[in-house]
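# from the sequence below, what's the structure:
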Amino acid sequence: MAVTMNPKAPRNGHKPNDGLESELSAAEQRRLLAALRSAIKGDFTVRLPAERAGIAGDITEAFNDLVTQNQRMMREFQRISTVVGRDGRIGQRAVFPAAAGSWATYIESVNDLITDLTHPVAETSRVLGSVAKGDLTQQMALEIDGRPLKGDFLRASKTINAMVDQLSAFSSEVTRVAREVGSEGKLGGQAQVRGVAGTWKDLTDSVNSMAGTLTNQIRNIADVTTAVANGDLSKKITVEARGEILQLKDTINVM
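Coordinates of the predicted model:
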């Protein structure tokens, strides 16, 4: 059955022309329905032939404009997906100048999502770049434009900040022990880093072992040389030693 518009209510300045221009034939209705179903399934290449004037022509034009708008937006989303997701150009955003109303809201929502997703990536790059340069003062921001991070973003940011704090604490303790033992001559110093585990604990233990070994060797050598200076030649260096320390040990022991 043809859909006939009310000839008493002409639209867009078109005259009813006895109703002929305001009618959609049964064939045109079927063609419009098929085109609508194709568009609903995501086929934005479908178009209706612009063969009619009046309201029928207006409907055809409006449908073609709608699917064209969807097609252009789809292509823009494909572009932004490639340049951001694959090319790593995280500063890029979707651009659709013709968008208005809900279309504009849609574009803004996609761009907000890109910002929310890429901000942690940019922050991570900034902080890890600073760490690589030896700057352990930088931290991941826990909010974006005044909005606190949540979920996996918050957990990842806290994990990175904890790593930086661990590195900073380790660096500070190693520097302190090296300064006290090597520069200030305060033997017996040990690095104290809370919560260390895995490789960090191994590194801390290695530094403490080195400091402890040097302390024992130097103290033993000092005891023996003091005894020799006081005329007591019975004392020997007993600590385990290697390399140049071993040579010094053997030299003193044969005195």
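# for Gly57, which three-state class applies?
helix (DSSP: H, G, I helix; E, B strand; the rest coil).
# quick one: it and Leu48 touch, right?
No. Distance between Gly57 and Leu48: 9.8 Å, which falls outside the contact criterion (CB atoms under 8 Å). All C-beta spots, glycine's among them, are computed from the backbone N, C-alpha and C.
# more neighbours, the two?
Legend: neighbour count by other CB atoms under 10 Å for Gly57 and Leu48, higher for Leu48 (21 against 16).
# now that one: closest residue in space that isn't a chain neighbour?
Excluding the flanking residues, the one nearest Leu48 by CB to CB, 6 or more residues apart in numbering is Thr60, at 4.5 Å.
# contact partners of stretch 74-83?
Contacts with stretch 74-83, where a contact means CB atoms under 8 Å, 6 or more residues apart in numbering, come from 44, 89, 92-96, 110, 114.
# these: which two are farthest apart?
Greatest spatial distance among the contacts of stretch 74-83 (CB to CB): Phe44 and Arg89, at 25.8 Å.
# what's the helix or strand containing Met210 packed up against?
Of the helices and strands defined by DSSP states H and E, Met210 is found in helix 198-229. Helix 198-229 is packed against helix 151-178, helix 243-253, with contacts defined by 3 or more CB pairs under 8 Å, 6 or more residues apart in numbering; DSSP states H and E.
# any chance of a markdown table for these, columns mean pLDDT?
Below are these laid out as a markdown table (pLDDT from 0 to 100):
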| stretch | mean pLDDT |
| --- | --- |
| helix 151-178 | 87 |
| helix 243-253 | 60 |
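# and the ones you listed: which comes nearest Ala122?
helix 151-178 (12.0 Å).
# and the closest one with helix 198-229, angle?
Taking axes from the mean of the first three to the mean of the last three CA atoms, to 10 degrees, one finds that helix 151-178 is oriented at 10 degrees with respect to helix 198-229.
# make 51 the first number, not 1, from now on.
Sounds good: first residue 51 from here, last item helix 201-228.
# mean neighbour count, the helices and strands packed on helix 248-279: which tops it?
The highest mean neighbour count among the helices and strands packed on helix 248-279, using mean count of other CB atoms under 10 Å, belongs to helix 201-228: a mean of 15.
# same for that one, what does it pack against?
Packed against helix 201-228, as judged by 3+ CB pairs under 8 Å, 6+ apart, are the following elements: helix 152-182, helix 248-279.
# of Phe94 and Arg139, which one has the most company?
When neighbours are counted by other CB under 10 Å, Phe94 and Arg139 differ, and Phe94 comes out ahead with 18 against 12.
# helix, strand or coil: sort out the more buried one for me.
Applying three-state DSSP: Phe94 is coil.
# can you count the residues close to the closest residue to it other than its chain neighbours?
Excluding the flanking residues, the one nearest Phe94 by CB to CB, 6+ apart is Gln121, at 3.8 Å. Neighbour count for Gln121, taken as other CB under 10 Å: 16.
# quick revisit: pipe the helices and strands packed on helix 248-279 into TSV and attach distance to Arg244 per row.
What follows is those, written out as TSV (distance: least, CB to CB, whole Å):
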stretch	distance to Arg244
helix 201-228	7
helix 293-303	32
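# so which of those gets nearest Lys285?
Here helix 293-303 is closest among the helices and strands packed on helix 248-279 (CB to CB), at 9.3 Å.
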